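Chemist: 3D, please:
(one chain, ligands or ions: 1)
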Amino acid sequence: MTQLATDVDFVLSNGKTIPALGLGTVPPEDPHELKEQVITAVKAGYRHIDTAWYYGTEEYIGQALKQLFEEGIVKREDLFITTKVWPSFWRNPEKSLDKSLADLGLDYVDLFLQHWPVVLHGDENGLPPQPRDKDGKLIYDDDPVSGIKYIDAYHSLEDIMDNTSKVKSIGVSNYSIPKLRKLLAAVRKHKPVVNQIEYHPLLPQQDLVKYCYDNGVHISAYSPVGSNGAPVLKLQLINELASKYDVSVNEIANAYHILQGRSVLPRSSNLERIKSIIRLPNLTTEELNALYQIGVESPTRYINDEWGYGLGFKWWKGDTLSKDFD
Ligand code: NDP
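Modeler: Predicted coordinates:
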């Protein structure tokens, strides 16, 4: 019988566990739909929800959690909830966390991530999330390439770990090797347990993954099918493997990560899809290697936001700043 992805957990460097399959919650056109998506996912066996202050979906997730707890479907301790602090809120991550907790209706999250290793010029409430000058350029509080204030922001996450019971673990997202190297050298007490990055067969990033594993940082893969339009699912090999193992293409895309020790965060506004993508086909090492090889020659990144400029990621479209890292 095929194993279920919902039965797999990974152990983080601090000894806590993270469920392998997490539900992504970037908002659909109507964010109210998130409530039903979360209820559907948890009833189907998901125990991991990935959200962020920036997504604006936490109140709907909170409504779903309230209903799930009231109906006795799960208890709080059965779930693993991640939220994130956005760069414009970098001066006060605890305030961002408090807002997230209030909307989620929780008194702690399992994982609190620094969303990006940059600092943007927001007010005390993190607004606006994308501060821009009259020419439309992002306003930073520090140089995105050489600045180190993003490390101060991480230290504030460490303070939350030390001084409150509002988070079980802390980590990072969208960290390249240069940014992570600087951070790890400056960590006071709590190393990041996770780096959440875009990762799929069209964007292998094996050097970053190896660096994270060597340093005990678990990888969570976002945009596992390449985000809107799901370009990864059009790959011939993914379709062949789905036929061979009699599973969906999404389950192959998820298995690519889970079988190699990475948690994965698919998103869907299709409730049938959410429910049905939980099997874990037992791909062979050769098949996993073949999936990996697809993107090696010409990798493609689908999340190319402007605040990613200067972070030292290769293949970031439009980034003219990262050359300084070479
Ligand atoms: P995914 O790679 O999960 O792609 C989701 C899209 O693919 C949806 O539009 C979905 O459509 C479509 N799709 C999925 N399966 C199929 C299929 N079989 N046929 C057709 N279309 C399909 O996208 P995300 O970029 O949202 O990444 C997932 C999660 O990762 C996010 O929700 C978020 O939680 C996290 N993330 C984190 C980031 C960070 O900076 N830390 C950045 C980006 C994402 P449909 O709704 O119709 O199923």
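
Chemist: excluding its backbone neighbours, what's nearest whichever residue of the stretch 1-150 of the chain sits closest to the ligand?
Modeler: Going by Cβ to the nearest ligand atom, the ligand is nearest to Gly24 of the stretch 1-150 of the chain, at 2.4 Å. To be clear about C-beta, it is placed using only N, CA and C from the backbone, and glycine gets the same treatment. With sequence-adjacent residues excluded and distances taken as Cβ to Cβ, 6 or more residues apart in numbering, Gly24 is closest to Arg267, at 3.2 Å.

Chemist: what about the one you found, which SS state?
Modeler: coil (DSSP: H, G, I helix; E, B strand; the rest coil).

Chemist: now for it: which residues touch it?
Modeler: Residues near Arg267 by Cβ atoms under 8 Å, 6 or more residues apart in numbering: Leu23, Gly24, Thr25, Val26.

Chemist: pick out the most distant pair among these.
Modeler: Largest separation among the contacts of Arg267 by Cβ to Cβ: Leu23 and Val26, giving 10.7 Å.

Chemist: of the two, who's got more company?
Modeler: Leu23 (23 against 19; other Cβ atoms under 10 Å).

Chemist: quick check on that one: phi, psi?
Modeler: Here is the backbone geometry of Leu23 (degrees, to the nearest 10): phi -90, psi 120.

Chemist: could you name the helices and strands sitting against the helix ranked longest in the chain?
Modeler: Ordering each helix of the chain by length in residues (DSSP state H) puts helix 149-163 first. On a contact count with 3 or more Cβ pairs under 8 Å, 6 or more residues apart in numbering; DSSP states H and E, helix 149-163 meets helix 93-104, strand 111-114, strand 170-173, helix 177-186.

Chemist: can you say which of these is packed in most?
Modeler: Of all the helices and strands packed on helix 149-163, strand 111-114 carries the top mean neighbour count, a mean of 27, counting by mean count of other Cβ atoms under 10 Å.

Chemist: tell me the residues of the stretch 1-150 of the chain that contact the ligand?
Modeler: Near the ligand, the residues belonging to the stretch 1-150 of the chain are Gly24, Thr25, Val26, Asp50, His115 when assessed by Cβ under 6 Å from any ligand atom.

Chemist: out of those residues, who has the most neighbours?
Modeler: For those, neighbours were counted using other Cβ under 10 Å, and Asp50 has the most, 27 neighbours in all.

Chemist: how close does it sit to Ser173?
Modeler: Applying Cβ to Cβ, to the nearest Å, the value for Asp50 to Ser173 is 10 Å.

Chemist: now the helices and strands packed on helix 149-163 as CSV including distance to Arg301 and mean pLDDT?
Modeler: Shown next, in CSV, are the helices and strands packed on helix 149-163 (distance: least, Cβ to Cβ, whole Å; pLDDT from 0 to 100):
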stretch, distance to Arg301, mean pLDDT
helix 93-104, 26, 98
strand 111-114, 19, 99
strand 170-173, 14, 98
helix 177-186, 15, 97
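
Chemist: including distance to Asp78, could those go into TSV?
Modeler: Output for the helices and strands packed on helix 149-163, formatted as TSV (distance: least, Cβ to Cβ, whole Å):
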stretch	distance to Asp78
helix 93-104	15
strand 111-114	15
strand 170-173	21
helix 177-186	31
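
Chemist: continuing past the helix or strand Ile61 falls within, what's the next helix or strand?
Modeler: Ile61 is part of helix 58-70, with elements assigned from DSSP states H and E. Once the chain leaves helix 58-70, the next helix or strand it forms, by DSSP H and E, is strand 80-85.
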